[in-house]
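Student: have a look at this prediction, sequence included:
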Amino acid sequence: MNVTVWRNYFPAAILLGACADSVTAAELYRYQNEADITVVDWAIPAAYVSSGYEVLNESGQIVRVVPPAKTDTELERDAAAARAQEAEAAAQAAHLECDTFLLRRYSTIQDIEAPQDRSLRELDIRIAVLNSQRDILSQQLALHQDALDKTGPSVEAASQCEEETVAVLKAEIQSLDEAIEGRQQQSAAWAEAYGRDIGRFAELEEIVALRRQMSVTPLSPSAVAMALMGCRRRWVSSSRQSAVPIDRPIPPVDCAGSRCGRIATPCLLPWP
């Protein structure tokens, strides 16, 4: 049921006509009540404001439309969309910062490969030292374990000392195993991070070279699109990596840690 009810409209219209010199404009409100009846009145009850309404002039023309108030679900959806948009903008800014830093820090890919080799070599040396220490402790543990097995129950003091020594050696070996595993994970993470830097730097070199070429000899839109699409495809495949530790001696640019590694569209830096 959708019936329009005009409350006090005609008497008010006559009154307005009589007072045209003193009243220049008036507003009517059109809304629906709880019975789904369209009502037009000079005022709108507060209970119907949240359902939305239309504002009419004295001629019955719509001046503005006030939409219904948003539900909690809609408000939460809008807030989530705003947060996602802010996160995307922050990621794009971080992505541009990473790209700028790469071009400022390195001149060639060899400039990235040199610290990569040096850092990974240092880690390999540390891992080798830890393995050597573990081998020594393992030999000591074997000797004390053998002595403990040969100690009879009559020598209680010696047996207790050997047990304590064996326990200490096992704890030290376990600590070394954890340190070795951590170094190995660190080495793998650094290798991945340096690989991302090398791949991204190569893409940036292509983009810069393309822009320089366009400044000299303008390319067709299709050629530009194909070149950028190739850079984007390689960037998408190389950007899906995990974050890396930040305590490396000569760290590469940690784009994954700054979230720019999740951006599919490559940043186009200013003209060189």
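Tutor: It's in.
Student: CA only for contacts and neighbour counts going forward, please
Tutor: Noted.
Student: SS state for Asp149?
Tutor: Of the three states, Asp149 takes helix under DSSP: H, G, I helix; E, B strand; the rest coil.
Student: any weak-confidence spans in the stretch 101-250 of the chain?
Tutor: Applying pLDDT under 70 to the stretch 101-250 of the chain picks out residues 152-158, 211, 214-250.
Student: now the helices for it?
Tutor: When assigned using DSSP state H, counting those that start in this stretch, the helices of the stretch 101-250 of the chain occupy the ranges 110-150, 156-216, 221-239.
Student: now, of those, which is deepest in the fold?
Tutor: Comparing the helices of the stretch 101-250 of the chain by mean neighbour count (mean count of other CA atoms under 10 Å), helix 156-216 ranks first with a mean of 17.
Student: other SSEs contacting that one?
Tutor: Taking 3 or more CA pairs under 8 Å, 6 or more residues apart in numbering; DSSP states H and E as contact, the helices and strands that helix 156-216 lies on are helix 72-105, helix 110-150, helix 221-239.
Student: can you give me the angle it makes with helix 72-105?
Tutor: Angle, helix 156-216 to helix 72-105, by axes from the mean of the first three to the mean of the last three CA atoms, to 10 degrees: 80 degrees.
Student: and Asp78, how far from Gly199?
Tutor: From Asp78 over to Gly199 the distance is 37 Å, taken as CA to CA, to the nearest Å.
Student: err, Glu205, not the other one
Tutor: With distances taken as CA to CA, Glu205 is found 10 Å from Gly199.
Student: next one: Leu56
Tutor: When distance is defined by CA to CA, Leu56 is 62 Å away from Gly199.
Student: report the buried residues of stretch 45-56.
Tutor: Judged by neighbour count (16 or more other CA atoms under 10 Å), stretch 45-56 contains these buried residues: 53-56.
Student: that one: end-to-end distance?
Tutor: According to CA to CA, stretch 45-56 extends 16 Å from its N-terminal end residue to its C-terminal end residue.
Student: over to stretch 94-114?
Tutor: Using CA to CA, first and last residues of stretch 94-114 are 25 Å apart.
Student: so Asn26: helix, strand or coil?
Tutor: Careful, residue 26 is Ala; it's not Asn. Reducing the assignment at Ala26 to three states with three-state DSSP gives coil.
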